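Visitor: Turn this into a structure:
(one chain, ligands or ions: 1)
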Amino acid sequence: MSERNDARLDGLRALVVGGGIGGLTLALALALRGARVRVLEQAGAIAEVGAGLQISPNGAVVLRALGLEEALVAAGAVRGRAVQLCDHHGREVTRLDLTRQGGAYYQVHRADLIGVLEAGARAAGVEIELGAEVADVADGSEPVVTLAGGGERRADLVIGADGVHSRLRAVLNGTEAPFFTGHVAWRAVIPNDLGLGPVSRVHMGPGRHVVSYPLRGESLINVVAVEERRGWVAESWSQRDEPANLRAAFADFGAPVQEMLARVETCHLWGLFRHEVARNWHGEGVALLGDAAHPTLPFMAQGAVMAIEDAWVLADALARADHLRAGLAAYRQRRFARVQRVVNTATDNAWKYHMKFPPLRFVAHNVLRLSGKVRPDMMLRQFDWLYGHDVTAG
Ligand SMILES: Cc1cc2nc3c(=O)[nH]c(=O)nc-3n(C[C@H](O)[C@H](O)[C@H](O)COP(=O)(O)OP(=O)(O)OC[C@H]3O[C@@H](n4cnc5c(N)ncnc54)[C@H](O)[C@@H]3O)c2cc1C
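Guide: Presented below is the predicted three-dimensional model:
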């Protein structure tokens, strides 16, 4: 593993709340710089829903710098070669050739990524405490974490990587409920007996779209189907749903989507919730990371990638700073504008994918089609600010 070189975090006692993608990446990044790290995870096991994740080059560079890329590929991560945008009948609108872009674009099963991160973190000395639900945190020079089941934990720094319904966000920003964005997403994994190659496909229809891409050595396909909805009434923000409901919602989509949905045997339905990007990212000894600070719609596939970038930058900023508070301030300073831009771009993509007015959709798809033919490089270059950014470059 690289980046063991900075001694400035030696002896720092860090508690990471949340053993998701952001929390485990941070735990590893801190431990590699000499910190003593413990992860507090509420679940009884480090586990993940059966779903896929796209890790764009800006996230892949961090996993590489943390020494995990080989393990990720060994775990079956597929290297994506293109993004194909289609209308809902299945006709190609345009295609972005990712091999011309530089950088690795991985499609990975969430459980595989979590497994790789957990193994890396444990090997670097991180302790993971399971069944440890954090009820509250008192900020200060030695912040104190109170566990829901009783007991306290103390550290020099507590980081809330506890997701969109973060408790620690409330400690720093007051109570604000996340808002329902008017979108729900079904997620399912199906066998790839359709022989689909390493391409990410987006089928765009009125008020709905379907994203699909292969996982685990191309043996599986991840399907995310998004629909606009007025409300979300379930108490939980994710629930099991009947595949028949998913098929009914996309019944007017063409054969490529029908073929995939016909293979869905189990699926989950998620209400997509968001907060504004948090104003306060840190206090004296408490900080936020990932969805806890800036949940985003999944329409740029950047939520987990931003958490991964945050993790690197937070460890780096702390290691470079003279004292903790300066490191935390530098972290927010280095991250805020970028995550705000990502969140805004993802929100904009919702209406671009979901155009309902047929003439507008026709024109927009033709503009895309033409741009893809005449200026394919320009189509790719418009995302250089996102995918070409390397937080590990210093
Ligand atoms: C449909 C869909 C598709 C997506 N696709 C992509 C994609 O392709 N690429 C991408 O980059 N992102 C994608 N995302 C976004 C991504 O899933 C999230 O942004 C990412 O998981 C956030 O990581 P996190 O570590 O911040 O939070 P989480 O993954 O939510 O992890 C939070 C962890 O904290 C734990 N926790 C919570 N509260 C407590 C507590 N009080 N005490 C202890 N532990 C606690 C939880 O159990 C959990 O393990 C998608 C999201 C959705 C909904």
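Visitor: by contact count, what packs against the longest helix along the chain?
Guide: Scanning the chain for the helix with the most residues, using DSSP state H, yields helix 324-353. Contact analysis of helix 324-353 by 3 or more C-beta pairs under 8 Å, 6 or more residues apart in numbering; DSSP states H and E lists helix 303-320, helix 384-387 as its packing neighbours. Any C-beta I mention is one placed from the backbone N, CA and C, and that applies to glycine too.
Visitor: Out of those helices, which is the most enclosed?
Guide: Of these, the one with the most neighbours on average (mean count of other C-beta atoms under 10 Å) is helix 303-320, at a mean of 25.
Visitor: hmm, it touching the ligand?
Guide: Yes - judged by C-beta under 6 Å from any ligand atom, helix 303-320 comes into contact with the ligand at 303-305, 307.
Visitor: Spatially, what comes nearest to the closest residue to the ligand within the stretch 51-200 of the chain if we skip its sequence neighbours?
Guide: For the stretch 51-200 of the chain and the ligand, the shortest gap (C-beta to the nearest ligand atom) falls at residue 163, measuring 2.7 Å. Excluding the flanking residues, the one nearest residue 163 by C-beta to C-beta, 6 or more residues apart in numbering is residue 291, at 4.8 Å.
Visitor: Is it correct that the one you found falls within a helix?
Guide: Yes - counting by DSSP: H, G, I helix; E, B strand; the rest coil, residue 291 is part of a helix.
Visitor: Please work out how many residues are found near it.
Guide: Neighbours of residue 291 under the rule other C-beta atoms under 10 Å: 28.
Visitor: Any figure for the gap between it and the ligand?
Guide: According to C-beta to the nearest ligand atom, to the nearest Å, residue 291 stands 4 Å off from the ligand.
Visitor: hang on, that residue packs against residue 164?
Guide: Yes - taking C-beta atoms under 8 Å as the definition, residue 291 is a contact partner of residue 164 at 4.5 Å.
Visitor: Figure out how far stretch 122-132 is from the centre of its chain.
Guide: 21 Å (C-alpha atoms, centre = their mean, to the nearest Å).
Visitor: now stretch 91-110
Guide: Put simply, stretch 91-110 sits 17 Å off its chain's centre (C-alpha atoms, centre = their mean).
Visitor: Number the chain from 7, please
Guide: That works, and once the first residue is 7, the last one we named lands at stretch 97-116.
Visitor: Which positions in it come out as buried?
Guide: If you call a residue buried by 16 or more other C-beta atoms under 10 Å, then stretch 97-116 has these buried ones: 99-102, 104, 107, 110-116.
Visitor: Distance to the ligand added to those, as CSV?
Guide: Output for the buried residues of stretch 97-116, formatted as CSV (distance: C-beta to the nearest ligand atom, whole Å):
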residue, distance to the ligand
99, 20
100, 20
101, 19
102, 16
104, 14
107, 17
110, 14
111, 11
112, 10
113, 8
114, 9
115, 11
116, 7
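Visitor: Need the worst-confidence member of those residues.
Guide: Minimum pLDDT across the buried residues of stretch 97-116 is recorded for residue 107, with 75.
Visitor: Quick one: residues contacting residue 340.
Guide: With contact taken as C-beta atoms under 8 Å, 6 or more residues apart in numbering, residue 340 is in contact with 319, 323.
Visitor: The ligand contacts on the stretch 57-206 of the chain?
Guide: Checking the stretch 57-206 of the chain against the ligand by C-beta under 6 Å from any ligand atom, the hits are 59-60, 139-140, 167-169, 173, 191, 193.
Visitor: quick one: which of these has the most company?
Guide: Neighbour tally across those (other C-beta under 10 Å): the maximum, 32 neighbours, falls on residue 167.
Visitor: What separation do you get for that one and residue 343?
Guide: Distance of residue 167 to residue 343, given as C-beta to C-beta, to the nearest Å: 21 Å.
Visitor: Which single residue of the stretch 7-156 of the chain approaches the ligand most closely?
Guide: Counting by C-beta to the nearest ligand atom, the stretch 7-156 of the chain gets nearest the ligand through residue 26, at 2.2 Å.
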